[in-house]
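Engineer: model this:
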Amino acid sequence: MLFLYVTIGISNVMLFLASIWNIKDHFKYSDPGRNLRMFLMFLLAIEIISKLFIYFLYSTDMKFLFNIFVAGELLLLTNFTNSLAPHKNQFSKLYLGTFLLLIAASVYNEFQPIFWMKWIKPISNIIIVLELGRCLLFSLKAGYQNHSKKLFYVQFALFLYYFVSTILFLVLNQLQSLNKEYAGYLWSINNILSCSLYAVCLYYFYSTQKSI
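Structural biologist: Residues are numbered from 1 along each chain as shown. A predicted model of the protein is given here:
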C-alpha cells in the first residue's frame, strides 16, 4: 500500500503545480488553455475539501462530494472539448442537462438512495472519452491548424487517463473480493497516469507562457 500512497502524493503535488503555474497570465491564454486551468483548479479544490473533511472533520461519508466532483468534472471537460472542437448547441444543452441531473440526483440520493448512482462515474467517463476522441480526430483532420501540438498532447493524455480509469473502475467493481494490496497496485496505475496527465498540463502552461 506504500506505493499507492506515494503515487497519490506525487499526483497531488503535480496537480497543484499544474493548477497554479503562470496563473498570473491566466486570461492571456486561449479559450482551451483557460478552460483547462479551470478544470485543474476544480480538481485541486475537490482534493483540498476532501482532505479537510477526512483529516479535520473526521468524515467517513464522502458520497455527496464525490457526486459533485463527477458532475463538475463532466461539465468542465465538455466545456474544454467544446472550445477545441465546437459542436452543435444541442450537445452543449445535453451536457448541461446531464450536469444538472447529476447534481439533483446527488441531493436526492442523500435522503433516498438511488440504485444507479454507483454507475455515474463510468457513465461520465465514457461521455468524456467519446468527447476527447472527437477532439483528437478533429485535431488530426485539421492538421493542428486550429490549436497547437501541445494542446493535442493534453487531449491525448486526458483521453488515455479517462479510458484506462474507466476500465479500472469496471474491473475493480467486479472484483470486490480482490485483496486490498492487489487492488492498491491496480489503482496505482490510475495515479501514475494522473501524474503523467498533470505533467503534460504543466508542460503546456510552461511552454506556452513564452509566447503569450
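
Engineer: Pick out the residue closest to the middle of this protein.
Structural biologist: Geometric centre of the chain, nearest residue: Glu73, 5.5 Å, by CA atoms, centre = their mean.

Engineer: Touching, it and Ser124? I think so.
Structural biologist: Yes: under the criterion of CB atoms under 8 Å, Glu73 makes contact with Ser124 at 6.7 Å. To be clear about C-beta, it is placed using only N, CA and C from the backbone, and glycine gets the same treatment.

Engineer: Which parts of the strand or helix carrying Arg134 count as buried, going by neighbours?
Structural biologist: Assessed by DSSP states H and E, Arg134 sits inside helix 120-142. Within helix 120-142, the residues that count as buried by 16 or more other CB atoms under 10 Å are 120-122, 124-125, 127-129, 131-132, 135-136, 138-139.

Engineer: Tell me what angle the following helix or strand past it forms with helix 120-142.
Structural biologist: Sequence-wise, the next helix or strand downstream of helix 120-142 (DSSP H and E) is helix 149-174. Calculated by axes from the mean of the first three to the mean of the last three CA atoms, to 10 degrees, helix 149-174 forms an angle of 150 degrees with helix 120-142.

Engineer: packing partners for helix 149-174?
Structural biologist: Packing partners of helix 149-174 (3 or more CB pairs under 8 Å, 6 or more residues apart in numbering; DSSP states H and E): helix 31-55, helix 63-84, helix 120-142, helix 180-208.

Engineer: before we move on, back to that, and the gap between the residue nearest to the centre of the chain and Phe80?
Structural biologist: 11 Å (CB to CB, to the nearest Å).

Engineer: residues in contact with the closest residue to Glu131 other than its chain neighbours?
Structural biologist: Once flanking residues are discounted, Glu131 sits nearest to Thr81: 4.3 Å by CB to CB, 6 or more residues apart in numbering. Neighbour list for Thr81: 131-132, 134-135 [criterion: CB atoms under 8 Å, 6 or more residues apart in numbering].

Engineer: Dump those to a markdown table, plus pLDDT and distance to Glu47.
Structural biologist: As requested, the contacts of Thr81 are exported to a markdown table (pLDDT from 0 to 100; distance: CB to CB, whole Å):
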| residue | pLDDT | distance to Glu47 |
| --- | --- | --- |
| Glu131 | 87 | 23 |
| Leu132 | 91 | 22 |
| Arg134 | 86 | 28 |
| Cys135 | 86 | 25 |
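
Engineer: Nearest to Val13 among those residues?
Structural biologist: Leu132 (24.5 Å; CB to CB).

Engineer: can you pull the contacts of that closest one?
Structural biologist: With CB under 8 Å, 6+ apart, Leu132 has these contacts: 77, 81, 155, 158-159, 162.

Engineer: Among those, which one sits closest to Leu193?
Structural biologist: Tyr162 (9.2 Å).
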